[in-house]
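Colleague: coordinates only, no sequence provided:
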């Protein structure tokens, strides 16, 4: 089993300065290795018969690296493909590929880079090796998972470095090689029996944080429930007025942490303070820090709320079904429009800008990822379906028409079914998931018939008062106190005719 725990560090000024310097050095090495990858790619695939862009020498084993991923060379291993650490079943050194991978080539060249750039000697060697592996994972995501091409990093988008070994934890203190012992806020206890795999140090606006990744092979993973045992399912439709609409007709509010009236006003004031300060000045850095802390506070509130919402939703059913949304495409800018004279005309981007802010503030992608994580943690199923026409299809008859939806209202033009458009979409999402994945859900039992103790209501005539007859099984009410003076009309059940007056009893004293 693998799990992670995040704590806030209590670093002093010397440790904070040193970690900030390490962060800059790791960013330099990351960009250096990225340049090496690009040079190797140009030399292998673009330049043709040339080996380098700088010298333009012809390709040959002496001038060009045989590796197509790194320009440093050193492709073949010294031991001829025999591992020193790994062993086979008979206890002999295990044979491995004699050719080095791109990561191994670049890691072996880090020692030469240290001689050229001496400031890298102050950084722990395992931290520098993890930077090289970070470049490798970025390229694997680009080629295998369809992510974007790795870009050069600056101070705004390179905020962490990682340890692989050498980290120790004792009580509320943690030992980081090259930095020393440091206190942290121990918000919860670490589980016993787990081994530390990696430790990530991350810089945020409100301080430094440590993320500890733990592993214990003796603890089994939570088994996922088989599809045959799935008896209940819940369809979810993401919204803006309410953040989630469920197929059981329940809704979850959207607090709008970043787009509320008060938050927008504070963000506007602090952003204006930053823009009014002189670039490069100390006051501008202070104003930017205040603005960043506000953004960090909004993010923390949103994250805490989404974890709470995700736990609440997953507990409702055995399977959770959501839409496979292309959120990046939903918040993309509108295409420009040109008239006959070649001038740009209105394309609706100014109106879509407010919608994009609401979608970004709702953060549907992070909420969906949290739902998937918690569903796997509890051993429940998580499905994604095609979102096409989910809000335009009638759940009663299946008729699809764009005109059936009018804002938040849904009125089917075929069967006149009336419903809320978002709840209608949640029901359709559940139906698609059940049909696509072949789920055999448990049907709801028929409601029991209520025993009718009361008789049928009697049709009353003009000026007729209903009689109260106690039913069987009910407690009888006590009668009113008898008095000598009986007023007309107090006797229940007496039919009075129009303009009829009762004569008072002579025994009644006035």
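Modeller: Yes, it's here. Note that the coordinates shown come from a computational prediction; the quantities given were computed from them, not determined experimentally.
Colleague: low pLDDT regions in the chain?
Modeller: 43-69, 71, 73-91, 93-98, 444-510 (pLDDT under 70).
Colleague: now the helices for it?
Modeller: For the chain, the helices defined by DSSP state H occupy 13-41, 102-108, 110-116, 125-144, 261-276, 282-314, 327-330, 349-362, 364-377, 421-437.
Colleague: quick one, which of the ones you listed gets closest to residue 214.
Modeller: Between residue 214 and the helices of the chain, the tightest spacing by C-beta to C-beta is seen for helix 364-377, at 14.8 Å. C-beta here means a position set from N, CA and C on the backbone, and glycine is covered the same way.
Colleague: want to try JSON lines for the helices of the chain, with mean neighbour count as columns?
Modeller: Formatted as JSON lines, the helices of the chain follow (neighbours: other C-beta atoms under 10 Å):
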{"stretch": "helix 13-41", "mean neighbour count": "17"}
{"stretch": "helix 102-108", "mean neighbour count": "20"}
{"stretch": "helix 110-116", "mean neighbour count": "13"}
{"stretch": "helix 125-144", "mean neighbour count": "17"}
{"stretch": "helix 261-276", "mean neighbour count": "12"}
{"stretch": "helix 282-314", "mean neighbour count": "16"}
{"stretch": "helix 327-330", "mean neighbour count": "11"}
{"stretch": "helix 349-362", "mean neighbour count": "15"}
{"stretch": "helix 364-377", "mean neighbour count": "18"}
{"stretch": "helix 421-437", "mean neighbour count": "22"}
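Colleague: tabulate those (JSON lines), appending distance to residue 389.
Modeller: Converted to JSON lines, the helices of the chain look like this (distance: least, C-beta to C-beta, whole Å):
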{"stretch": "helix 13-41", "distance to residue 389": "43"}
{"stretch": "helix 102-108", "distance to residue 389": "45"}
{"stretch": "helix 110-116", "distance to residue 389": "54"}
{"stretch": "helix 125-144", "distance to residue 389": "32"}
{"stretch": "helix 261-276", "distance to residue 389": "34"}
{"stretch": "helix 282-314", "distance to residue 389": "24"}
{"stretch": "helix 327-330", "distance to residue 389": "16"}
{"stretch": "helix 349-362", "distance to residue 389": "20"}
{"stretch": "helix 364-377", "distance to residue 389": "19"}
{"stretch": "helix 421-437", "distance to residue 389": "8"}
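Colleague: for the ones you listed, which one sits closest to residue 205?
Modeller: Per C-beta to C-beta, nearest to residue 205 of the helices of the chain: helix 282-314, 4.0 Å.
Colleague: what's the closest of the helices of the chain to residue 218?
Modeller: helix 364-377 (18.2 Å).
Colleague: quick one: residues in contact with that closest one.
Modeller: Helix 364-377 has contacts (C-beta atoms under 8 Å, 6 or more residues apart in numbering) with 222, 224, 236, 238, 243-244, 303, 306-307, 309-311, 313-314, 320, 322, 325, 327, 381-382.
Colleague: ok, now how distant is the residue nearest the centre of the chain from residue 372?
Modeller: Centroid check for the chain by C-alpha atoms, centre = their mean gives residue 366 as the closest residue, at 1.5 Å. The spacing between residue 366 and residue 372, counted by C-beta to C-beta, to the nearest Å, is 11 Å.
Colleague: over to residue 358?
Modeller: Using C-beta to C-beta, residue 358 is found at 23 Å from residue 372.
Colleague: ditto for residue 212
Modeller: Counting by C-beta to C-beta, the gap from residue 212 to residue 372 is 22 Å.
Colleague: next: residue 15.
Modeller: Separation of residue 15 from residue 372 (C-beta to C-beta): 36 Å.
Colleague: what's the answer for residue 11, then?
Modeller: Between residue 11 and residue 372 the computed distance is 34 Å (C-beta to C-beta).
Colleague: now do the same contact list for the nearest residue to residue 399 once chain neighbours are set aside.
Modeller: Nearest residue to residue 399, sequence neighbours excluded (C-beta to C-beta, 6 or more residues apart in numbering): residue 414, at 3.8 Å. The neighbourhood of residue 414, defined by C-beta under 8 Å, 6+ apart, consists of 394, 397, 399, 401.
Colleague: residues touching the nearest residue to residue 325 once chain neighbours are set aside, list them.
Modeller: Among residues not flanking residue 325 along the chain, residue 387 sits closest, at 5.9 Å (C-beta to C-beta, 6+ apart). With contact taken as C-beta under 8 Å, 6+ apart, residue 387 is in contact with 323, 324, 325, 429.
Colleague: please indicate which of those residues are buried?
Modeller: Buried subset of the contacts of residue 387 (neighbour count, 16 or more other C-beta atoms under 10 Å): 323, 429.
Colleague: now the contacts of residue 387 as TSV including distance to residue 113?
Modeller: TSV is the format used below for the contacts of residue 387 (distance: C-beta to C-beta, whole Å):
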residue	distance to residue 113
323	47
324	43
325	43
429	52
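Colleague: the residue nearest to residue 325 and residue 8, how far apart?
Modeller: Note on residue 387: its distance to residue 8, by C-beta to C-beta, is 38 Å.
Colleague: okay, now the domains of this structure?
Modeller: With domains defined by automatic domain parsing, the chain comprises 2-215, 227-256+299-341+358-437.
Colleague: start to end distance for the shortest one?
Modeller: Domain 227-256+299-341+358-437 has an end-to-end distance of 8 Å (criterion: C-alpha to C-alpha, to the nearest Å).
Colleague: cool, and the first one?
Modeller: Taking C-alpha to C-alpha as the measure, domain 2-215 stretches 4 Å from start to finish.
Colleague: repeat for stretch 310-330
Modeller: Stretch 310-330 has an end-to-end distance of 23 Å (criterion: C-alpha to C-alpha).
Colleague: next one: it to chain centre, how far?
Modeller: 10 Å (C-alpha atoms, centre = their mean, to the nearest Å).
Colleague: from residue 145, how far off is the nearest residue to residue 412 once chain neighbours are set aside?
Modeller: The spatial neighbour of residue 412 that comes closest, neighbours along the chain excluded (C-beta to C-beta, 6+ apart), is residue 394 at 4.1 Å. Using C-beta to C-beta, residue 394 is found at 37 Å from residue 145.
Colleague: these two: which has the busier surroundings?
Modeller: The residue with more neighbours, out of residue 394 and residue 145 and counting by other C-beta atoms under 10 Å, is residue 394; that gives 22 against 7.
Colleague: surely the more buried one is in contact with residue 417?
Modeller: Yes - using C-beta atoms under 8 Å, residue 394 is in contact with residue 417, at 5.4 Å.
Colleague: shared neighbours, these two?
Modeller: Both residue 394 and residue 417 are contacted by residue 410, under the criterion C-beta under 8 Å, 6+ apart.
Colleague: now do the same contact list for the closest residue to residue 391 other than its chain neighbours.
Modeller: Spatial nearest neighbour of residue 391, chain neighbours left out: residue 425 (4.2 Å); criterion: C-beta to C-beta, 6+ apart. By C-beta under 8 Å, 6+ apart, the residues touching residue 425 are 237, 245, 390, 391.
Colleague: I'd like the residues you listed as CSV, with neighbour count and distance to residue 258 appended.
Modeller: Output for the contacts of residue 425, formatted as CSV (neighbours: other C-beta atoms under 10 Å; distance: C-beta to C-beta, whole Å):
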residue, neighbour count, distance to residue 258
237, 25, 21
245, 24, 21
390, 22, 26
391, 18, 25
